[in-house]
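Asks: Below: sequence and its predicted model.
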Amino acid sequence: MKKVAILGSTGSIGTQALEVAEKHNLKITALSAYSQVEKLAEQAKKYKPNCVCIYQENYADKLKNLLSGEKIEILTGMQGLCQIASDKNNDILLNSVVGMVGLLPTLKAIDSGIDIALANKETLVAGGALVMKQAREKNVKIYPVDSEHSAVFQCLQGNENNKIRKMILTASGGPFFGKKKAELVNVTAKDALKHPNWNMGNKITIDSATLMNKGLEFIEAKWLFDLEPDQIEIVVHRQSILHSAVEFEDFAVIGQMGVPDMKIPIQYALLYPERKSCPTKPLSLTDCGILSFEKPDYETFVCLSSAIQAIKTGGLLPAIVNGANEEAVAYFLRDEIKFLQIGELVQSAMQSIPNGEIHDYEDILQADSQARAFVREKIKNDC
Ligand code: MN3
(Lines give C-alpha, C1' and ligand atoms only; values in the text may rest on other atoms or scores of the structure.)
Protein backbone atom coordinates (compact mmCIF):
# COMPACT_ATOMS: atom_id res chain seq x y z
CA MET A 1 0.00 0.00 0.00
CA LYS A 2 1.49 3.34 -1.09
CA LYS A 3 2.07 5.66 1.89
CA VAL A 4 1.12 9.28 1.27
CA ALA A 5 1.61 12.31 3.52
CA ILE A 6 -0.46 15.38 2.64
CA LEU A 7 0.50 18.92 3.57
CA GLY A 8 -2.45 21.26 3.10
CA SER A 9 -5.08 18.52 3.36
CA THR A 10 -8.03 20.83 4.07
CA GLY A 11 -7.51 22.89 0.91
CA SER A 12 -9.06 22.24 -2.46
CA ILE A 13 -6.19 20.05 -3.74
CA GLY A 14 -5.87 18.27 -0.40
CA THR A 15 -9.54 17.31 -0.15
CA GLN A 16 -9.59 16.05 -3.74
CA ALA A 17 -6.39 14.09 -3.10
CA LEU A 18 -8.08 12.37 -0.17
CA GLU A 19 -10.93 11.37 -2.46
CA VAL A 20 -8.42 9.88 -4.92
CA ALA A 21 -6.49 8.17 -2.10
CA GLU A 22 -9.68 6.63 -0.77
CA LYS A 23 -10.66 5.26 -4.16
CA HIS A 24 -7.29 3.60 -4.69
CA ASN A 25 -6.64 2.44 -1.12
CA LEU A 26 -3.59 4.60 -0.52
CA LYS A 27 -2.47 4.79 3.10
CA ILE A 28 -2.63 8.35 4.46
CA THR A 29 0.17 8.76 7.00
CA ALA A 30 -0.04 12.47 7.79
CA LEU A 31 -2.33 15.47 7.29
CA SER A 32 -1.85 19.18 7.88
CA ALA A 33 -3.85 22.40 7.79
CA TYR A 34 -3.07 26.08 8.19
CA SER A 35 -5.91 27.01 10.56
CA GLN A 36 -8.96 24.89 9.68
CA VAL A 37 -8.79 22.85 12.84
CA GLU A 38 -12.28 21.32 12.72
CA LYS A 39 -11.94 20.08 9.19
CA LEU A 40 -8.48 18.69 9.96
CA ALA A 41 -9.82 16.80 12.97
CA GLU A 42 -12.66 15.40 10.88
CA GLN A 43 -10.20 14.19 8.23
CA ALA A 44 -7.94 12.70 10.90
CA LYS A 45 -10.81 10.70 12.40
CA LYS A 46 -11.73 9.39 8.99
CA TYR A 47 -8.29 8.59 7.54
CA LYS A 48 -6.42 7.66 10.76
CA PRO A 49 -3.00 9.13 9.92
CA ASN A 50 -0.05 8.64 12.29
CA CYS A 51 0.19 12.38 12.82
CA VAL A 52 -1.49 15.69 12.04
CA CYS A 53 -0.02 19.19 11.98
CA ILE A 54 -1.84 22.46 12.57
CA TYR A 55 0.30 25.31 11.29
CA GLN A 56 -1.14 28.06 13.48
CA GLU A 57 -0.01 27.03 16.93
CA ASN A 58 -2.85 28.78 18.78
CA TYR A 59 -5.21 26.07 17.47
CA ALA A 60 -3.13 23.23 18.96
CA ASP A 61 -5.18 22.89 22.16
CA LYS A 62 -8.41 22.82 20.24
CA LEU A 63 -7.00 20.11 17.95
CA LYS A 64 -5.89 18.08 20.98
CA ASN A 65 -9.42 18.29 22.38
CA LEU A 66 -11.03 17.34 19.11
CA LEU A 67 -8.72 14.33 18.74
CA SER A 68 -8.63 13.19 22.36
CA GLY A 69 -8.96 9.44 22.45
CA GLU A 70 -7.36 9.03 19.00
CA LYS A 71 -3.86 7.61 18.72
CA ILE A 72 -2.62 10.44 16.52
CA GLU A 73 0.48 12.51 17.18
CA ILE A 74 -0.23 16.26 17.09
CA LEU A 75 2.36 18.59 15.61
CA THR A 76 2.40 22.36 15.06
CA GLY A 77 4.02 25.07 12.97
CA MET A 78 6.79 24.88 10.43
CA GLN A 79 8.59 22.34 12.60
CA GLY A 80 5.62 20.00 12.29
CA LEU A 81 5.41 20.41 8.51
CA CYS A 82 9.13 19.67 8.23
CA GLN A 83 8.87 16.61 10.48
CA ILE A 84 6.14 15.20 8.21
CA ALA A 85 8.07 16.11 5.06
CA SER A 86 11.24 14.36 6.26
CA ASP A 87 9.58 11.11 7.37
CA LYS A 88 11.41 8.42 5.41
CA ASN A 89 8.58 5.92 5.93
CA ASN A 90 6.46 7.78 3.35
CA ASP A 91 6.52 6.88 -0.33
CA ILE A 92 5.39 10.28 -1.49
CA LEU A 93 4.69 13.72 -0.05
CA LEU A 94 1.85 15.74 -1.53
CA ASN A 95 2.77 19.35 -0.88
CA SER A 96 -0.37 21.42 -1.42
CA VAL A 97 0.11 24.20 1.11
CA VAL A 98 -0.39 27.76 -0.17
CA GLY A 99 2.45 30.24 -0.30
CA MET A 100 6.12 30.44 0.61
CA VAL A 101 5.42 28.28 3.67
CA GLY A 102 5.70 25.33 1.28
CA LEU A 103 9.33 25.84 0.32
CA LEU A 104 11.13 24.56 3.42
CA PRO A 105 9.06 21.32 3.67
CA THR A 106 9.87 20.66 -0.01
CA LEU A 107 13.59 21.05 0.68
CA LYS A 108 13.31 18.75 3.73
CA ALA A 109 11.55 16.05 1.72
CA ILE A 110 14.24 16.22 -0.95
CA ASP A 111 16.90 15.96 1.73
CA SER A 112 15.26 12.77 3.01
CA GLY A 113 14.94 11.33 -0.49
CA ILE A 114 11.12 11.40 -0.54
CA ASP A 115 9.42 11.84 -3.93
CA ILE A 116 7.10 14.83 -4.09
CA ALA A 117 3.75 15.44 -5.74
CA LEU A 118 4.03 19.20 -5.99
CA ALA A 119 1.04 21.51 -5.90
CA ASN A 120 2.75 24.37 -4.04
CA LYS A 121 3.65 26.92 -6.71
CA GLU A 122 5.86 29.11 -4.59
CA THR A 123 8.29 26.23 -4.03
CA LEU A 124 9.50 26.43 -7.62
CA VAL A 125 8.79 30.09 -8.26
CA ALA A 126 10.93 31.38 -5.40
CA GLY A 127 13.29 28.46 -4.98
CA GLY A 128 13.36 26.72 -8.38
CA ALA A 129 17.12 26.87 -8.88
CA LEU A 130 17.81 25.43 -5.44
CA VAL A 131 14.98 22.87 -5.42
CA MET A 132 15.78 21.38 -8.83
CA LYS A 133 19.51 21.19 -8.11
CA GLN A 134 18.97 19.40 -4.81
CA ALA A 135 16.32 17.09 -6.31
CA ARG A 136 18.77 16.04 -9.04
CA GLU A 137 21.54 15.44 -6.49
CA LYS A 138 19.27 13.30 -4.30
CA ASN A 139 17.56 11.63 -7.25
CA VAL A 140 14.17 12.73 -5.94
CA LYS A 141 11.29 12.85 -8.39
CA ILE A 142 8.99 15.85 -8.49
CA TYR A 143 5.60 15.01 -9.99
CA PRO A 144 3.64 18.11 -11.01
CA VAL A 145 0.07 18.30 -9.71
CA ASP A 146 -0.96 21.54 -11.39
CA SER A 147 -3.01 20.64 -14.47
CA GLU A 148 -0.80 22.47 -16.98
CA HIS A 149 2.45 20.93 -15.79
CA SER A 150 0.86 17.54 -15.39
CA ALA A 151 -0.30 17.85 -19.00
CA VAL A 152 3.24 18.51 -20.20
CA PHE A 153 4.59 15.71 -18.01
CA GLN A 154 2.03 13.36 -19.59
CA CYS A 155 2.92 14.54 -23.11
CA LEU A 156 6.57 13.74 -22.45
CA GLN A 157 5.99 10.09 -21.56
CA GLY A 158 7.91 8.01 -24.07
CA ASN A 159 9.68 11.14 -25.31
CA GLU A 160 12.38 11.33 -22.64
CA ASN A 161 15.15 11.58 -25.24
CA ASN A 162 13.40 14.02 -27.55
CA LYS A 163 14.05 17.71 -27.21
CA ILE A 164 11.14 20.02 -26.46
CA ARG A 165 11.04 22.81 -29.01
CA LYS A 166 8.26 24.73 -27.35
CA MET A 167 5.80 24.37 -24.51
CA ILE A 168 2.27 25.69 -24.97
CA LEU A 169 0.96 26.73 -21.56
CA THR A 170 -2.79 27.22 -21.63
CA ALA A 171 -4.58 29.81 -19.49
CA SER A 172 -8.30 30.14 -18.83
CA GLY A 173 -7.92 33.93 -18.81
CA GLY A 174 -9.62 34.36 -15.45
CA PRO A 175 -12.85 36.22 -14.63
CA PHE A 176 -11.66 39.52 -16.20
CA PHE A 177 -10.54 38.25 -19.60
CA GLY A 178 -11.16 40.83 -22.36
CA LYS A 179 -11.37 43.74 -19.91
CA LYS A 180 -9.01 46.72 -20.05
CA LYS A 181 -7.43 48.55 -17.12
CA ALA A 182 -10.12 51.26 -17.07
CA GLU A 183 -12.77 48.60 -16.50
CA LEU A 184 -10.84 47.00 -13.66
CA VAL A 185 -10.29 50.07 -11.50
CA ASN A 186 -13.12 49.35 -9.10
CA VAL A 187 -13.40 45.56 -9.09
CA THR A 188 -13.50 44.13 -5.58
CA ALA A 189 -12.24 40.94 -3.99
CA LYS A 190 -15.83 39.69 -4.18
CA ASP A 191 -15.87 40.21 -7.99
CA ALA A 192 -12.53 38.46 -8.34
CA LEU A 193 -13.66 35.54 -6.18
CA LYS A 194 -16.47 34.86 -8.62
CA HIS A 195 -17.13 31.39 -7.20
CA PRO A 196 -19.11 31.51 -3.97
CA ASN A 197 -16.59 28.97 -2.70
CA TRP A 198 -15.58 27.78 0.73
CA ASN A 199 -13.26 30.06 2.63
CA MET A 200 -10.24 28.65 0.81
CA GLY A 201 -8.46 28.80 -2.45
CA ASN A 202 -8.74 32.60 -2.19
CA LYS A 203 -5.10 33.31 -2.94
CA ILE A 204 -5.09 31.28 -6.14
CA THR A 205 -8.45 32.68 -7.22
CA ILE A 206 -7.11 36.24 -7.03
CA ASP A 207 -3.94 35.12 -8.80
CA SER A 208 -6.14 33.74 -11.58
CA ALA A 209 -7.93 37.09 -11.88
CA THR A 210 -4.65 39.05 -12.18
CA LEU A 211 -3.09 36.29 -14.34
CA MET A 212 -0.25 36.14 -11.81
CA ASN A 213 -1.21 32.48 -11.51
CA LYS A 214 -0.13 31.97 -15.13
CA GLY A 215 3.03 33.94 -14.51
CA LEU A 216 3.89 31.69 -11.58
CA GLU A 217 3.14 28.63 -13.70
CA PHE A 218 5.41 30.00 -16.44
CA ILE A 219 8.27 30.12 -13.94
CA GLU A 220 7.46 26.65 -12.60
CA ALA A 221 7.43 25.24 -16.14
CA LYS A 222 10.88 26.63 -16.80
CA TRP A 223 12.27 24.77 -13.77
CA LEU A 224 10.28 21.55 -14.05
CA PHE A 225 11.10 20.95 -17.70
CA ASP A 226 14.45 22.74 -17.91
CA LEU A 227 13.26 25.22 -20.55
CA GLU A 228 14.40 28.68 -21.58
CA PRO A 229 11.69 31.34 -21.06
CA ASP A 230 11.56 31.89 -24.84
CA GLN A 231 10.44 28.28 -25.26
CA ILE A 232 7.22 28.84 -23.33
CA GLU A 233 4.16 30.30 -25.07
CA ILE A 234 1.06 31.27 -23.11
CA VAL A 235 -2.21 30.75 -24.95
CA VAL A 236 -5.60 31.78 -23.56
CA HIS A 237 -7.99 28.88 -23.91
CA ARG A 238 -11.28 29.76 -22.22
CA GLN A 239 -12.72 26.25 -22.15
CA SER A 240 -9.87 24.63 -20.15
CA ILE A 241 -10.08 21.39 -22.12
CA LEU A 242 -6.56 21.35 -23.55
CA HIS A 243 -4.47 21.47 -20.38
CA SER A 244 -1.19 22.32 -22.18
CA ALA A 245 0.90 20.90 -25.00
CA VAL A 246 4.45 20.27 -26.19
CA GLU A 247 5.90 20.97 -29.62
CA PHE A 248 8.80 18.73 -30.61
CA GLU A 249 11.62 19.35 -33.09
CA ASP A 250 9.56 17.93 -35.97
CA PHE A 251 6.75 20.45 -35.20
CA ALA A 252 4.48 17.68 -34.02
CA VAL A 253 2.41 19.03 -31.13
CA ILE A 254 1.21 16.66 -28.44
CA GLY A 255 -1.37 17.96 -26.01
CA GLN A 256 -3.31 16.50 -23.10
CA MET A 257 -7.04 16.99 -22.86
CA GLY A 258 -9.69 16.16 -20.29
CA VAL A 259 -12.52 17.68 -18.32
CA PRO A 260 -11.28 20.51 -16.09
CA ASP A 261 -11.09 18.45 -12.89
CA MET A 262 -7.99 18.55 -10.70
CA LYS A 263 -8.56 14.96 -9.60
CA ILE A 264 -7.07 13.74 -12.91
CA PRO A 265 -3.65 15.41 -12.47
CA ILE A 266 -3.68 14.72 -8.71
CA GLN A 267 -4.26 11.03 -9.36
CA TYR A 268 -1.60 10.87 -12.09
CA ALA A 269 0.96 12.32 -9.66
CA LEU A 270 -0.02 9.95 -6.85
CA LEU A 271 -0.34 6.75 -8.93
CA TYR A 272 2.36 7.43 -11.56
CA PRO A 273 2.96 5.65 -13.89
CA GLU A 274 -0.33 3.81 -13.50
CA ARG A 275 -3.60 4.97 -15.04
CA LYS A 276 -6.76 3.84 -13.30
CA SER A 277 -10.36 4.96 -13.24
CA CYS A 278 -10.61 8.43 -11.70
CA PRO A 279 -13.52 9.78 -9.63
CA THR A 280 -14.54 12.28 -12.32
CA LYS A 281 -16.39 12.24 -15.63
CA PRO A 282 -15.09 11.46 -19.13
CA LEU A 283 -14.54 14.16 -21.74
CA SER A 284 -17.09 14.53 -24.50
CA LEU A 285 -15.59 16.67 -27.28
CA THR A 286 -18.91 17.10 -29.02
CA ASP A 287 -20.38 18.51 -25.79
CA CYS A 288 -17.45 20.98 -25.61
CA GLY A 289 -18.27 22.49 -28.97
CA ILE A 290 -15.78 25.08 -30.15
CA LEU A 291 -12.35 25.33 -28.54
CA SER A 292 -10.77 28.79 -28.83
CA PHE A 293 -7.17 29.99 -28.55
CA GLU A 294 -6.07 33.61 -28.13
CA LYS A 295 -3.10 35.73 -27.10
CA PRO A 296 -3.00 37.07 -23.52
CA ASP A 297 -3.20 40.83 -22.89
CA TYR A 298 0.17 41.56 -21.29
CA GLU A 299 -0.51 45.29 -20.96
CA THR A 300 -3.63 44.97 -18.84
CA PHE A 301 -2.41 42.03 -16.83
CA VAL A 302 0.95 43.34 -15.70
CA CYS A 303 1.35 40.60 -13.10
CA LEU A 304 1.81 38.17 -15.98
CA SER A 305 4.42 40.28 -17.75
CA SER A 306 6.20 40.95 -14.44
CA ALA A 307 6.55 37.27 -13.65
CA ILE A 308 7.92 36.53 -17.12
CA GLN A 309 10.34 39.44 -16.87
CA ALA A 310 11.45 38.15 -13.45
CA ILE A 311 12.38 34.69 -14.68
CA LYS A 312 14.08 36.10 -17.78
CA THR A 313 16.27 38.23 -15.50
CA GLY A 314 16.66 35.44 -12.97
CA GLY A 315 18.38 35.45 -9.57
CA LEU A 316 16.17 36.50 -6.67
CA LEU A 317 13.71 38.44 -8.83
CA PRO A 318 11.11 35.64 -9.05
CA ALA A 319 11.17 35.37 -5.25
CA ILE A 320 10.71 39.14 -4.99
CA VAL A 321 7.75 39.05 -7.39
CA ASN A 322 6.22 36.16 -5.50
CA GLY A 323 6.66 37.76 -2.07
CA ALA A 324 5.32 41.13 -3.21
CA ASN A 325 2.34 39.44 -4.83
CA GLU A 326 1.49 37.32 -1.78
CA GLU A 327 1.54 40.37 0.45
CA ALA A 328 -0.45 42.53 -2.00
CA VAL A 329 -3.09 39.83 -2.49
CA ALA A 330 -3.58 39.59 1.27
CA TYR A 331 -4.28 43.35 1.36
CA PHE A 332 -6.66 43.08 -1.60
CA LEU A 333 -8.56 40.24 0.05
CA ARG A 334 -9.13 42.52 3.06
CA ASP A 335 -10.36 45.28 0.67
CA GLU A 336 -7.45 47.49 1.74
CA ILE A 337 -6.07 48.08 -1.75
CA LYS A 338 -7.57 48.15 -5.23
CA PHE A 339 -7.28 45.39 -7.80
CA LEU A 340 -4.85 47.18 -10.12
CA GLN A 341 -2.59 48.04 -7.19
CA ILE A 342 -1.56 44.38 -6.92
CA GLY A 343 0.29 44.62 -10.24
CA GLU A 344 1.63 48.10 -9.48
CA LEU A 345 3.04 46.96 -6.14
CA VAL A 346 4.67 43.93 -7.75
CA GLN A 347 6.23 46.16 -10.40
CA SER A 348 7.61 48.68 -7.93
CA ALA A 349 8.99 45.92 -5.70
CA MET A 350 10.84 44.54 -8.74
CA GLN A 351 12.29 47.94 -9.53
CA SER A 352 13.19 48.90 -5.97
CA ILE A 353 14.62 45.77 -4.36
CA PRO A 354 18.14 44.90 -5.47
CA ASN A 355 18.38 41.57 -7.28
CA GLY A 356 21.04 39.00 -6.35
CA GLU A 357 22.12 35.40 -6.76
CA ILE A 358 20.52 32.47 -4.93
CA HIS A 359 23.05 30.53 -2.89
CA ASP A 360 20.83 29.02 -0.23
CA TYR A 361 17.42 29.00 1.39
CA GLU A 362 18.27 32.04 3.52
CA ASP A 363 18.78 34.18 0.39
CA ILE A 364 15.30 33.29 -0.84
CA LEU A 365 13.73 33.91 2.54
CA GLN A 366 15.40 37.30 2.79
CA ALA A 367 14.29 38.40 -0.67
CA ASP A 368 10.77 37.25 0.18
CA SER A 369 10.60 39.24 3.43
CA GLN A 370 12.17 42.30 1.80
CA ALA A 371 9.48 42.21 -0.87
CA ARG A 372 6.71 41.87 1.72
CA ALA A 373 8.12 44.69 3.86
CA PHE A 374 8.40 46.86 0.76
CA VAL A 375 4.73 46.30 -0.09
CA ARG A 376 3.60 47.04 3.48
CA GLU A 377 5.63 50.25 3.60
CA LYS A 378 4.44 51.42 0.21
CA ILE A 379 0.79 50.88 1.08
CA LYS A 380 1.28 52.71 4.39
CA ASN A 381 3.02 55.67 2.73
CA ASP A 382 0.56 55.94 -0.14
CA CYS A 383 -2.45 56.11 2.14
MN1 MN3 B 1 -2.95 25.64 -13.16
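Replies: It's in.

Asks: which stretches of the stretch 151-300 of the chain aren't confidently modelled?
Replies: 195-200 (pLDDT under 70).

Asks: With adjacent residues omitted, what lies nearest to the residue in the stretch 151-300 of the chain that the ion sits nearest to?
Replies: Nearest residue of the stretch 151-300 of the chain to the ion (CB to the ion) works out as residue 217 at 5.5 Å. From N, CA and C alone the C-beta is placed, and that goes for glycine too. Excluding its sequence neighbours, the residue lying closest to residue 217 (CB to CB, 6 or more residues apart in numbering) is residue 148, at 5.5 Å.

Asks: How about residue 105?
Replies: residue 85 is the one closest to residue 105 (CB to CB, 6+ apart), at 3.9 Å.

Asks: which ones are touching the one you found?
Replies: Residue 85 makes contact with 5, 7, 93, 95, 105-106, 108-109, 112, 114, according to CB atoms under 8 Å, 6 or more residues apart in numbering.

Asks: phi, psi of it?
Replies: phi -60, psi -30 (degrees, to the nearest 10).

Asks: any idea how far it lies from residue 332?
Replies: 30 Å (CB to CB, to the nearest Å).

Asks: is any part of stretch 138-151 close to the ion?
Replies: Yes: legend: contact between stretch 138-151 and the ion by CB under 5 Å from the ion is shown at 146, 148.

Asks: Tell me the buried residues in that stretch?
Replies: Buried residues in stretch 138-151, defined by neighbour count with 16 or more other CB atoms under 10 Å: 140, 142-151.

Asks: Please tabulate these in TSV, including the columns secondary structure.
Replies: TSV is the format used below for the buried residues of stretch 138-151 (DSSP: H, G, I helix; E, B strand; the rest coil):
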residue	secondary structure
140	coil
142	strand
143	strand
144	strand
145	coil
146	coil
147	helix
148	helix
149	helix
150	helix
151	helix
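
Asks: following the helix or strand encompassing the residue of the stretch 151-300 of the chain closest to the ion, which helix or strand shows up next?
Replies: For residue 217, the host element (DSSP states H and E) is helix 212-224. Later in the chain than helix 212-224, the nearest helix or strand by DSSP H and E is strand 232-236.

Asks: near the ion at all, that next one?
Replies: No: Strand 232-236 does not reach the ion (CB under 5 Å from the ion); its nearest approach is 11.8 Å.

Asks: sorry, back to before: let's see which of the contacts of residue 85 end up in strands.
Replies: With DSSP state E as the criterion, strands contain 5, 7, 93, 95 from among those.

Asks: count of neighbours near residue 228?
Replies: Neighbourhood size, residue 228 [other CB atoms under 10 Å]: 9.

Asks: mind listing what it touches?
Replies: Contacts of residue 228 by CB under 8 Å, 6+ apart are residue 222.

Asks: re the thing from before, state the distance from the residue nearest to residue 217 to residue 232.
Replies: 10 Å.

Asks: Please look at residue 125 and residue 219 and confirm they touch.
Replies: Yes: the criterion here is CB atoms under 8 Å, and residue 125 meets it with residue 219 at 4.8 Å.

Asks: Looking at the two now, which is surrounded by more residues?
Replies: A side-by-side neighbour count of residue 125 and residue 219, using other CB under 10 Å, places residue 125 first with 28 against 25.

Asks: Tell me who's in contact with that one.
Replies: Applying CB under 8 Å, 6+ apart, the residues near residue 125 are 216, 219-220, 307, 318-319, 321-322.

Asks: Try it again at 7 Å.
Replies: 216, 219-220, 318, 322 (CB atoms under 7 Å, 6 or more residues apart in numbering).

Asks: quick one: it from residue 316, how far?
Replies: Computed as CB to CB, the residue 125 to residue 316 distance reads 12 Å.
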